[in-house]
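Here you go, sequence then predicted model.
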Amino acid sequence: MERLNAASIAEIDRIVAEHRNQPGPCIEILHEVQDSLGYIPFEAMEKIAVATDTSVAEVYGIVMFYSQFTTEPKGKHVINVCLGTACYVKGAQQLVDRVQNMTGAEVNGTSPDGIFSLDATRCLGACGLAPVGIIDGKVYGNALLDNSFMNAIRKLKRAEEKAR
Ligand code: FES
């Protein structure tokens, strides 16, 4: 297992310390760690378990139960493609294939260069815009025929490559 860097450990300690004397479940702490680090490393689960007087297994169970939590580090940019029925019928799989080809990220994985994560999601409640893609929280409708979605990914890729 890869060790966390000191900054990440310090960030986990800060978040846990902030919530140490607050009653209630550890879910708020998990949210903060996820927002701050982009994922929930095992070390965070251990520290949260100690701070909330629970077991690591219980914290792990919560992390696994809620789909918004992830134990894997995400890429710098997170791309979601809806694979709900309406989006699937309108070509979401083709969209996934295009994103994979452009970024090198597998579905529910991260590109080898660490720039992009690609997540398949369930219905986002925007079926009228099918197929729907999201980049870093920004929603793109009709993403197969309208080039905005793929163009936005292309632009991010170029910018990241330029910055290296
Ligand atoms: S199926 Fe994709 S938004 Fe509903």
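That came through fine. Residues are numbered from 1 along each chain as shown.

Next, give phi and psi for the nearest residue to A126 once chain neighbours are set aside.
Nearest non-adjacent residue to A126, counting by Cβ to Cβ, 6 or more residues apart in numbering: V132, 5.2 Å away. Placement of C-beta: from N, CA and C, glycine included. In terms of degrees, to the nearest 10, the main-chain angles of V132 are phi -110, psi 130.

now do D146
phi -80, psi 130.

From the ligand, how far off is the residue lying closest to it once chain neighbours are set aside?
Using Cβ to Cβ, 6+ apart and skipping residues adjacent in sequence, the residue nearest D146 is Y140, 7.2 Å away. Separation of Y140 from the ligand (Cβ to the nearest ligand atom, to the nearest Å): 12 Å.

beta partners for Y140?
Taking DSSP bridges as the rule, Y140 bridges to G133.

contacting residues around it?
Residues near Y140 by Cβ atoms under 8 Å, 6 or more residues apart in numbering: V132, G133, I134, D146, S148, F149, A152.

On the pLDDT front, check the residue nearest to A126 for me.
The model reports V132 with a pLDDT of 97.

Quick check: E160 touching T103?
No. Taking Cβ atoms under 8 Å as the definition, E160 is not a contact partner of T103, at 10.3 Å.

Could you tell me which residues touch both of these two?
Residues touching both E160 and T103 by Cβ under 8 Å, 6+ apart: I115.

So those two - more neighbours on which side?
Neighbours per residue, other Cβ atoms under 10 Å: of E160 and T103, the larger number sits with T103, 24 against 17.

Tell me if I'm right that the more buried one and I115 touch.
Yes. At 7.2 Å, T103 and I115 qualify as touching, with contact defined as Cβ under 8 Å.

so what sits against both of the two?
Joint contacts of T103 and I115 (Cβ under 8 Å, 6+ apart) are K157.
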